[in-house]
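Asks: 3D model of this:
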Amino acid sequence: MPVILAGIGWHIVGAAMAASFYAPIEKVRKWSWETTWAVAGIFSWILLPISVSLLLLPNFPGFYESIGPHVLLKVALFGAMWGVGNVSYGLTMRHLGISLGVGVAIGVTLMVGTLMPPLLHGQGAILFTTKSGLFTMAGVVVALIGVAVVSYAGHQKELQLRGELREFNLKLGLLLAVLCGIFSSGMSFAIDAAKPMEAAALHLGVNPLYAALPSYVFIMGGGALINLSYCFIRLGALKRISLRADLSQTRGTLLKNGALAATGGIMWYLQFFFYAWGAANIPQHLSYVNWMLHMSIYVLCAGLVGLAMGEWAGVGRRPLRLLWAGMIIIIVAANLVGLGLAS
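Replies: Below you'll find the predicted structure:
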């Protein structure tokens, strides 16, 4: 039980990083979003995964050569699937607003990313015939309710503070949010498909806490290909933004923006660094709960970060009560999963 509690604790740390990584990115000035996102992504999806793997693996190229090419391709493609979801994320926010869009997308990602891996492995029965599986299913349902409540509270906040969203389109926004959620769950599929890489790292004597990290080179590499292509295509095609103009700022601005974007990228990577630590402490036959814990706690932490940063200042009592109610429901969901793990 203490090991499982440690796993949940590390998932909380990772989710907290996910919930707050955008805070430094928001402070970047005089750069286009595309340049900022690309710089952050170079750190989070390329430099850090490769650097960490270089430190962990005695023979960096030899390790990946020993893995079957079909495994590497599958992992990279699932990473690219996540990348498509990440790109569509912005359009979802545009038509539903941040809180409602995040809630629907995260809800779909939580459900698909949690339930599909065991179903694809022919282990769906354990979700409905074992005590731990039933607790997990109950946790998923309760977490989805909590996400919906938090999202509705956030939507009410946006309406109070900003008025009606100018580009609000419920039908289009929900369609995009569902697609975003499905594609974003590619990260869960990629982590599941990378199990042979994790096993190979363990065979080499890599600490179990770090054994999943070498797979991130291909998982995040696939996502980087989609995200960076999107950013640089837009930088080259749109006249209102320019990489050259962004990089022509004063030295002080470049250093400050670069540091902020890099910090955000590092924090984004750390969410999955600690995800790996959390997953290492969860029994392998219950590994499907890792994604549910990460995504539900992510929404919980996002609400707390928003409160800490004063985003809810001036909001009426009803949205705040809904926010707290939703966060409490998510905590209940995490406890249900904990009971399932302990049974």
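Asks: Pull out the buried positions in stretch 62-72.
Replies: For stretch 62-72, the neighbour count (16 or more other Cβ atoms under 10 Å) marks 63, 64, 67, 71, 72 as buried. Bear in mind the C-beta positions are built from the backbone N, C-alpha and C, glycine included.
Asks: Ok, stretch 299-317 next?
Replies: For stretch 299-317, burial by neighbour count (16+ other Cβ under 10 Å) applies to 299, 300, 301, 302, 303, 305, 306, 311, 312, 315.
Asks: Quick check: end-to-end length of it?
Replies: Start and end residues of stretch 299-317 are separated by 20 Å (Cα to Cα, to the nearest Å).
Asks: And the contacts of it?
Replies: Residues from elsewhere that reach stretch 299-317 (Cβ atoms under 8 Å, 6 or more residues apart in numbering): 12, 15-16, 18-20, 23, 102-103, 106, 146-147, 150, 154, 156-157, 160-161, 319-320, 323, 326-327, 330-331.
Asks: Likewise for stretch 177-185?
Replies: Outside stretch 177-185, the residues that touch it by Cβ under 8 Å, 6+ apart are 81-82, 84-86, 88-89, 91-92, 96, 101, 104-109, 111-113, 116, 291.
Asks: Return that stretch as PDB; C-alpha atoms alone will do.
Replies: What follows is stretch 177-185, C-alpha atoms only, in PDB (Å, rounded to 0.1, in the frame of the first residue of the first chain):
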ATOM      1  CA  ALA A 177     -13.200  18.800 -28.400                       C
ATOM      2  CA  VAL A 178     -14.100  15.100 -29.000                       C
ATOM      3  CA  LEU A 179     -11.600  14.800 -31.900                       C
ATOM      4  CA  CYS A 180      -9.000  16.500 -29.700                       C
ATOM      5  CA  GLY A 181      -9.700  14.200 -26.800                       C
ATOM      6  CA  ILE A 182      -9.500  11.100 -29.000                       C
ATOM      7  CA  PHE A 183      -6.200  12.100 -30.700                       C
ATOM      8  CA  SER A 184      -4.700  13.400 -27.400                       C
ATOM      9  CA  SER A 185      -5.200   9.900 -25.900                       C
END
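Asks: tell me how far it is from the chain's mean position?
Replies: On the basis of Cα atoms, centre = their mean, to the nearest Å, stretch 177-185 sits 12 Å off its chain's mean C-alpha point.
Asks: Return the set of buried residues in the one helix or strand residue 252 maps to.
Replies: Following DSSP states H and E, one finds residue 252 within helix 251-280. Applying a neighbour-count criterion of 16+ other Cβ under 10 Å, the buried positions in helix 251-280 are 256-258, 260-280.
Asks: Closest one to residue 228 out of the buried residues of stretch 299-317, please.
Replies: Nearest to residue 228, judged by Cβ to Cβ, of the buried residues of stretch 299-317 is residue 302 at 25.1 Å.
Asks: got a list of what residue 296 touches?
Replies: Shown in contact with residue 296 (Cβ under 8 Å, 6+ apart): 110, 139, 143, 146, 147, 330, 333, 334.
Asks: ok, the last one to residue 292 distance?
Replies: So the one you mean is residue 334. 9 Å (Cβ to Cβ, to the nearest Å).
Asks: do the fourth one as well
Replies: Between residue 146 and residue 292 the computed distance is 12 Å (Cβ to Cβ).
Asks: just the third one next, same as before
Replies: Using Cβ to Cβ, one gets 6 Å for the distance from residue 143 to residue 292.
Asks: Residue 14 contacts residue 269, doesn't it?
Replies: No. Using Cβ atoms under 8 Å, residue 14 is not in contact with residue 269; the gap is 10.3 Å.
Asks: quick one: least confident helix or strand in the protein?
Replies: Every helix and strand of the chain was ranked by mean pLDDT, DSSP states H and E. The lowest is helix 98-120, at a mean of 75.
Asks: quick one: stretch 51-68 to chain centroid distance?
Replies: Distance, centroid of stretch 51-68 to centroid of chain: 25 Å (Cα atoms, centre = their mean).
Asks: first to last residue in it, what's the distance?
Replies: With Cα to Cα as the measure, stretch 51-68 spans 22 Å from end to end.
Asks: residues in contact with that stretch?
Replies: 72, 196-197, 200-201, 204, 206, 210, 213-214, 216-218, 273.
Asks: Adding secondary structure, distance to residue 226 and pLDDT, write those out as CSV.
Replies: Listed next are the contacts of stretch 51-68 as CSV, based on DSSP: H, G, I helix; E, B strand; the rest coil; distance: Cβ to Cβ, whole Å; pLDDT from 0 to 100:
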residue, secondary structure, distance to residue 226, pLDDT
72, helix, 17, 97
196, helix, 23, 95
197, helix, 21, 97
200, helix, 26, 96
201, helix, 25, 96
204, coil, 30, 95
206, coil, 28, 95
210, coil, 26, 96
213, helix, 21, 97
214, helix, 21, 97
216, helix, 16, 97
217, helix, 16, 97
218, helix, 14, 97
273, helix, 21, 96
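Asks: Excluding sequence neighbours, find me the nearest residue to residue 329.
Replies: residue 146 (3.4 Å; Cβ to Cβ, 6 or more residues apart in numbering).
Asks: Does that neighbour lie in a helix or a strand, and which?
Replies: Element membership of residue 146, judged by DSSP H and E, is helix 131-162.
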